[in-house]
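In: the following comprises the amino acid sequence and a computationally predicted model.
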Amino acid sequence: MKTVFSGIQPSGLVHLGNLLGAINNWVKLSNDESKNYFCIVDLHSLTAMPDKTSLKTSIRDTLKVLMASGINMKNSVIYVQSDLKEHAYLSWILSNFCQVGELQRMTQFKEKSNSFGTHSGLLTYPILMAADILIHKANEVPVGDDQTQHLELTRNIADRFNNNYGDIFPIPEKTSGKSGARLMSLRHPENKMSKSSDDINGTIYFNDSKDSIIKKFKSSVTDSQNEIKYDLESKPGISNLIEIYSAINATELKETEKQFQDFRYGDFKLAVAETVINYLEPIAEKFEEISDSEVDSAVENNLKLAKVSAELTISEIETALGID
Ligand code: AMP
Ligand code: TRP
């Protein structure tokens, strides 16, 4: 049976990029025959030095969004990274299978080291990510396109460990949907949609009101032509809207293009807004219904399962390394 692992940082409100780029695929995979681990990676979010109170709220809210998103909880283990100390332990072990130069070449490291200064947590972040994935011997990692490079590094680390100490880790594969793996800001379509953007009007949050969603789409940046065509180079704004519509409706980009070929930009924007409203509404409603105690008890039970799996892998690794 295959094993799936993925993580999300509790660094703010979950947005449409998280949902269409990653969580939608978690929902699909959780209904397959697989073991699924979905983790709130709070240790990763420490790299941005979050405020203590907002981190606590964000951890619980992100857990609630996962529970509200349609993930099959019977088939999935949802837990918080810092509750399972083995992640950090394995990260240390794996750091011996990774070159400093490789870490320095990571695009996210280069981007983030400018804004937060360069502490070593930012540099070694991808090793912790490799530990997350490998601790449950995951075969599949459903993530957005911004994680491709980190996953490639994880594969290299796993391969080097195996070559030196025996075949312990499967080499994990990245899974993405046909569309939605890289949503861009509605206001600055050259930048990706993110939780903490300078212009919050470019990001659709899972619990935005209907009015706010319409407003954000109406003011989305497009181009001066009037052609609904997918062309990332010269029409990044319109391409992003086509991408969003296609990801939610599970249609091909070409099909969406054809469906709206006679629409004016204003009407197309409203059609995309309506699709997004219908998609987010049940998630936001379910989110409100989930109590804190429901989250806490689900996480407590799940953690026990995650711990059993992590301890098994760690004991195998310690034996392979001669530190058992
Ligand atoms: P993060 O919020 O950075 O922890 O990301 C959680 C998941 O959402 C990861 O799998 C990311 O690749 C994915 N993701 C984040 N932003 C986007 C985006 N703009 N478009 C598509 N996927 C995204
Ligand atoms: N680096 C990922 C991000 O910023 C989050 C993450 C941490 C992750 N560990 C992971 C994703 C393991 C997939 C698997 O989005």
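Out: Okay, I see it. Ligands and ions are numbered 1, 2, ... in the order given.

In: show me which residues of the chain are close to ligand 2?
Out: Within reach of ligand 2 by C-beta under 6 Å from any ligand atom, the chain has these residues: 5-7, 9, 41, 44, 129, 132-133, 141, 143, 147, 150. Any C-beta I mention is one placed from the backbone N, CA and C, and that applies to glycine too.

In: secondary structure class for the residue nearest to residue 142 when sequence neighbours are not counted?
Out: Residue nearest to residue 142 in three dimensions, not counting chain neighbours: residue 25, with 3.8 Å by C-beta to C-beta, 6 or more residues apart in numbering. Assigned by DSSP: H, G, I helix; E, B strand; the rest coil, the conformation of residue 25 is helix.

In: and for residue 302?
Out: helix.

In: just the pLDDT for it.
Out: Note on residue 302: pLDDT of 97.

In: how close does residue 314 get to residue 89?
Out: Taking C-beta to C-beta, to the nearest Å as the measure, residue 314 falls 7 Å from residue 89.

In: give the contact list for the closest residue to ligand 1 within the stretch 1-150 of the chain.
Out: Nearest to ligand 1 in the stretch 1-150 of the chain, going by C-beta to the nearest ligand atom, is residue 21, at a distance of 2.0 Å. Contacts of residue 21 were listed using C-beta atoms under 8 Å, 6 or more residues apart in numbering, and they are 143, 144, 145, 176, 177, 180, 181, 182, 183.

In: need the residues you listed in CSV with neighbour count and pLDDT, can you?
Out: What follows is the contacts of residue 21, written out as CSV (neighbours: other C-beta atoms under 10 Å; pLDDT from 0 to 100):
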residue, neighbour count, pLDDT
143, 24, 98
144, 23, 97
145, 14, 96
176, 18, 93
177, 17, 88
180, 24, 93
181, 23, 94
182, 18, 96
183, 26, 97
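
In: now the helix or strand bottoming out on mean pLDDT in the chain: buried residues?
Out: Here the helix or strand of the chain ranked lowest by mean pLDDT, DSSP states H and E is helix 107-116, holding a mean of 82. Residues of helix 107-116 classed as buried by neighbour count (16 or more other C-beta atoms under 10 Å): 109, 112.

In: neighbouring contacts of it?
Out: 47, 48, 49, 103, 104, 122, 123, 125, 126, 146, 149, 150.

In: out of the residues you listed, list just those in helices.
Out: Those of these mapping onto helices are 103, 104, 122, 123, 125, 126, 149, 150, per DSSP state H.

In: got a list of what the nearest residue to the last one once chain neighbours are set aside touches?
Out: Spatially, and ignoring its direct neighbours in sequence, residue 150 is nearest to residue 126 (4.8 Å; C-beta to C-beta, 6+ apart). Applying C-beta under 8 Å, 6+ apart to residue 126 gives the contacts 98, 103, 106, 109, 150, 153, 154.

In: that's a helix at the first one, yeah?
Out: No. Membership of residue 98 in a helix is not supported by three-state DSSP, which gives coil.

In: still on that earlier bit, out of the residues of the chain next to ligand 2, which sit inside helices?
Out: 44, 129, 132, 133, 150.

In: widest-spaced pair of those residues?
Out: Largest separation among those by C-beta to C-beta: 44 and 133, giving 12.3 Å.

In: returning to that earlier point: which of the contacts of helix 107-116 ranks first by neighbour count?
Out: In terms of neighbours by other C-beta atoms under 10 Å, the contacts of helix 107-116 top out with residue 126 at 26 neighbours.

In: pull up the residues of the stretch 101-250 of the chain that are close to ligand 1.
Out: Residues of the stretch 101-250 of the chain lying near ligand 1 (C-beta under 6 Å from any ligand atom): 143, 144, 146, 147, 181, 182, 183, 192, 193, 194, 195.

In: residues touching the residue nearest to the fifth one when sequence neighbours are not counted, list them.
Out: The shortest distance from residue 181 to any residue other than its chain neighbours is 4.4 Å, reached at residue 145 (C-beta to C-beta, 6+ apart). Counting by C-beta under 8 Å, 6+ apart, residue 145 makes contact with 21, 176, 181, 182.

In: quick one: contacts of stretch 210-225?
Out: Identification of contacts with stretch 210-225 by C-beta under 8 Å, 6+ apart yields 186-189, 201-202, 204, 208, 234-235, 237-238, 240-241, 265-266, 269-270, 272-273, 276-277, 280.

In: also stretch 305-314?
Out: 35, 37, 39, 77, 79, 84, 86-87, 89-90, 134-137, 168.

In: farthest pair in those?
Out: Longest span within the contacts of stretch 305-314, C-beta to C-beta: 79 and 168, 22.3 Å.

In: which one's more surrounded, these two?
Out: The neighbour count for residue 79 versus residue 168, taken as other C-beta under 10 Å, is higher for residue 79 (23 against 16).

In: for the strand or helix carrying the more buried one, packing partners?
Out: For residue 79, the element it lies in under DSSP states H and E is strand 76-80. Counting contacts by 3 or more C-beta pairs under 8 Å, 6 or more residues apart in numbering; DSSP states H and E, strand 76-80 packs against strand 34-40, helix 52-68, helix 292-321.

In: nice, that's everything, thank you.
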